[in-house]
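S.K.: quick one, what's the 3D model for this:
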Amino acid sequence: MVTQSLSTSASQAFKTYSPSTSAAQLRHVFQAIAPKHCPSLANFHMHTLCSDGQLRPEALIQQAVDIGLRNLAITDHHSIDGYRRAKQWLGDQGFPDSDSPCPTLWSGLEINAGLLDIEVHILCYAFEPEHLAIQPYIQGESVFGYDYNAAHVIQSVHQAGGLAVLAHPDRYRRSPVELIPAAAQMGIDGVETYYAYDNPKPWRPSPKQTELVYQLGEQHGLFHTCGTDTHGDSLLRRL
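M.R.: Residues are numbered from 1 along each chain as shown. Got it, this is the predicted structure:
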């Protein structure tokens, strides 16, 4: 069953974390996520003008505060410049007003990778931005050769202390029925289960795809994430 109620433990998972957030803490957040949490409380797939989005990182994080997001990640393609700028903006604000709590901004990144002879996207979270293993993937462009292999991408994210998630599993030339087991065998941590494939307004996860991805994730012991994959000027939808 995909739909879940917001239990006490789930509510606690959406508290604000300190800057020293870890993958273990984020895993706790992911384990509590349900469709109702995105995009108002959680959003783990957004882009800025530091890759192919339209929002300045500072404008994105201001919008996140206005919406009331509690946990989020900027996942620019092969860049963490947007994350760094948004993190700086949060630090400069201070958030003295308890009615406007500072959201938890997790490190994030979207990496192109080869899986079963096609290209997929792997979302990366809660990694250490300065770790050597992640450096090839934050140079502003896709990598090639061994670094491009999905298994190596996942391994590198883990070495940097982070979590790896298969983005929008039903958007590729191969079925999620093929891709999710293959990615799970390589050690991927989760799947982007709650995703709006048809860009509806208001945002809502696509029911048919969500059910399939959810079931596959459960079969392979993966956690479920959500994200709008924002490329436009609103965090409440994709475009």
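S.K.: any idea how far apart the tips of stretch 26-43 sit?
M.R.: Stretch 26-43 has an end-to-end distance of 13 Å (criterion: C-alpha to C-alpha, to the nearest Å).
S.K.: how near is the residue minimising distance to the centre of the chain to residue 37?
M.R.: The residue lying closest to the centre of the chain (C-alpha atoms, centre = their mean) is residue 44, at 3.3 Å. Using C-beta to C-beta, to the nearest Å, residue 44 is found at 10 Å from residue 37. To be clear about C-beta, it is placed using only N, CA and C from the backbone, and glycine gets the same treatment.
S.K.: report the set of residues contacting both of those two.
M.R.: Contact criterion C-beta atoms under 8 Å, 6 or more residues apart in numbering; residues shared by residue 44 and residue 37: residue 226.
S.K.: circling back: need the contact list for the residue nearest to the centre of the chain.
M.R.: Listed by C-beta under 8 Å, 6+ apart, the contact partners of residue 44 are 71-73, 75, 106, 108, 123, 125, 165, 192, 225-227.
S.K.: please repeat the previous calculation with a cut-off of 10 Å.
M.R.: Shown in contact with residue 44 (C-beta atoms under 10 Å, 6 or more residues apart in numbering): 26, 29-30, 33, 38, 71-75, 106, 108, 123, 125, 165, 167, 190, 192, 194, 225-229.
S.K.: the chain: strands as residue ranges?
M.R.: Taking DSSP state E to define them, one finds strands in the chain at 42-43, 71-73, 104-106, 108-115, 118-125, 163-166, 190-194, 223-226.
S.K.: which other helices and strands contact the third one?
M.R.: So the one you mean is strand 104-106. Applying 3 or more C-beta pairs under 10 Å, 6 or more residues apart in numbering; DSSP states H and E, one finds that strand 104-106 makes contact with helix 23-32, helix 57-67, strand 71-73, helix 81-93.
S.K.: repeat that for 7 Å
M.R.: Using 3 or more C-beta pairs under 7 Å, 6 or more residues apart in numbering; DSSP states H and E, the elements in contact with strand 104-106 are strand 71-73, helix 81-93.
S.K.: can you check the shortest one too?
M.R.: Using 3+ C-beta pairs under 7 Å, 6+ apart as the contact definition, the elements that strand 42-43 packs against are strand 71-73.
S.K.: name the strands paired with the strand it packs on and say parallel or antiparallel.
M.R.: strand 42-43 (parallel), strand 104-106 (parallel) (DSSP bridges).
S.K.: what sits up against the first one?
M.R.: Applying C-beta atoms under 7 Å, 6 or more residues apart in numbering, the contact partners of strand 42-43 are 14, 33, 69-72, 226-228, 235.
S.K.: for these, give me JSON lines that also has neighbour count.
M.R.: Output for the contacts of strand 42-43, formatted as JSON lines (neighbours: other C-beta atoms under 10 Å):
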{"residue": "14", "neighbour count": "19"}
{"residue": "33", "neighbour count": "24"}
{"residue": "69", "neighbour count": "23"}
{"residue": "70", "neighbour count": "21"}
{"residue": "71", "neighbour count": "26"}
{"residue": "72", "neighbour count": "26"}
{"residue": "226", "neighbour count": "25"}
{"residue": "227", "neighbour count": "29"}
{"residue": "228", "neighbour count": "24"}
{"residue": "235", "neighbour count": "22"}
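S.K.: cool, thanks, signing off.
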